[in-house]
Each structure stands twice: as structure tokens, then as C-alpha cells.
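Novice: structure of the sequence below:
(chains A and B)
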Amino acid sequence: EAGVTQSPTHLIKTRGQQATLRCSPISGHTSVYWYQQALGLGLQFLLWYDEGEERNRGNFPPRFSGRQFPNYSSELNVNALELEDSALYLCASSLRQGGTEAFFGQGTRLTVV
Amino acid sequence: GQSLEQPSEVTAVEGAIVQINCTYQTSGFYGLSWYQQHDGGAPTFLSYNALDGLEETGRFSSFLSRSDSYGYLLLQELQMKDSASYFCAVSDDYKLSFGAGTTVTVRA
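Specialist: Predicted coordinates for the structure are as follows:
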């Protein structure tokens, strides 16, 4: 069974540009979470999608947005990139609401220069 | 909102036992889970407790007391490969939130 896959693995953008990150959950999983992990820090909650709808978002500005598609894959968009957006962006999927056991992808390393 | 507290770092020798405590505040609590993350890697699921008591999975055990909003992860027979960051996480109606992580360093 394929795990959670994220693309791209690495992404380099310049300040002010837009970045699009993608996530494919494990087959059958309907919940997708997005987290930001700055170097050496913990996981900051960004967004939670379940059954195609945004259920909750963390304390991030509106330029962080996303969506979940009918096949439950998800996309994270970051507009007007700033240097401090440089981080590892992790996607996790779980079988149902509540995320009792979440499986993570390998992440997208975003570098803003 | 949610908040989770866990120690920032723990150091122990090979073969020792380490306990990582986690206290939390949340509403609509579903359960407490634990994740391991090696440098440069993705977090991997270790264990989950929805009810009070101890769950054992090989060398790792996890405990939950819902009335005390407290849990711990017990790492037994420590090995060098156990050097990693360990995160407790709480799931509720709103999200899956993680603590800041505990860095465990295993010394020979």
C-alpha cells in the first residue's frame, strides 16, 4: 500500500512568488492535515481538510490557503512568499475525523530566497 | 484552545529507560498519540491512547490518564537508533495538535 506522497520534495522560490505544494493521502483516508515545521522546531498546524471541506485552520495569514479534491488529495498554496516561510511542510492523512493515527509524507522543503 | 507541554530534552545511556511526560489542555478530546521524528525525516506514528491505561508496543509503552489530562511515553532498553525527537499529539473536534517535542539523546 502506498503511503502519503508529497511533491515536490524541494522547492526554491523568491520572495513575493507563489508556491503550490501537493499531497496524496493513503487510499481510503479522507482527512488531510498540513503542518509547517521550521528548522529545529515543532509542528505548527496549518490546515485540516476532511471529506473535501476545510474543517479548521491554524494561526497563519490568509496567504496560506489550500483545498481538497474529490479524490481527497490536497494542495497547499502560499502566496506572496516571505523569507520566514522557509520550512518543511508536512502533510498527514488519517482514516477519519480526529486523526487518531496520522501518517505523514516526507514533506516539501520550501526555501524562499 | 489547545496546549501541550512536554520536556525539551532528555539524555540517557543505552539500555536505560526513559519516560517522556505530556500534559495537555483541550476540549472534545479524542485521544493522545505519540510520534517519532529522526533528523531530516518525517514523523512516524508510535502509539495512541483513547482510554485510560497503558498500551504496550514492543519496547515502547504509552499511558493516558484522562482525568489528569496527562500521558507519558516509556522507552525501554534504549538503543542508539532511538535518538530522535518525540512528539505527543492531541486530537479533538478541531485538529491534531502537537507538542513542541522532546529530543532524546542516547549515549553509549
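
Novice: could you pull out the strands for chain A?
Specialist: For chain A, applying DSSP state E gives strands covering A:5-7, A:10-13, A:19-24, A:31-37, A:44-50, A:53-57, A:64-68, A:74-78, A:87-94, A:103-104, A:108-112.

Novice: the helix or strand of chain B with the lowest mean pLDDT vs chain A: in contact?
Specialist: Taking mean pLDDT, DSSP states H and E as the measure, chain B has strand B:96-98 as its least confident helix or strand, at a mean of 89. Yes - contact of strand B:96-98 with chain A (C-beta under 8 Å from any C-beta of the partner chain) involves B:96-98. Yep, even glycine has a C-beta here, placed from its N, CA and C like the rest.

Novice: what does that strand contact?
Specialist: With contact meaning C-beta atoms under 8 Å, 6 or more residues apart in numbering or on different chains, strand B:96-98 is reached by A:33, A:35, A:42-43, A:45, A:48, A:92, A:94, A:98-99, A:102, B:2, B:4, B:26, B:33, B:35, B:87-91.

Novice: okay, A:Gly98: pLDDT?
Specialist: A:Gly98 is assigned a predicted lDDT (pLDDT) of 56.

Novice: number of residues surrounding residue 108?
Specialist: Because you didn't say which chain, this covers chain A. If you count neighbours by other C-beta atoms under 10 Å in any protein chain shown, A:Thr108 ends up with 22.

Novice: wait, chain B was what I had in mind.
Specialist: 5.

Novice: correct me, but it touches B:Glu14?
Specialist: Yes - the pair B:Ala108 and B:Glu14 passes the contact test of C-beta atoms under 8 Å, sitting 5.8 Å apart.
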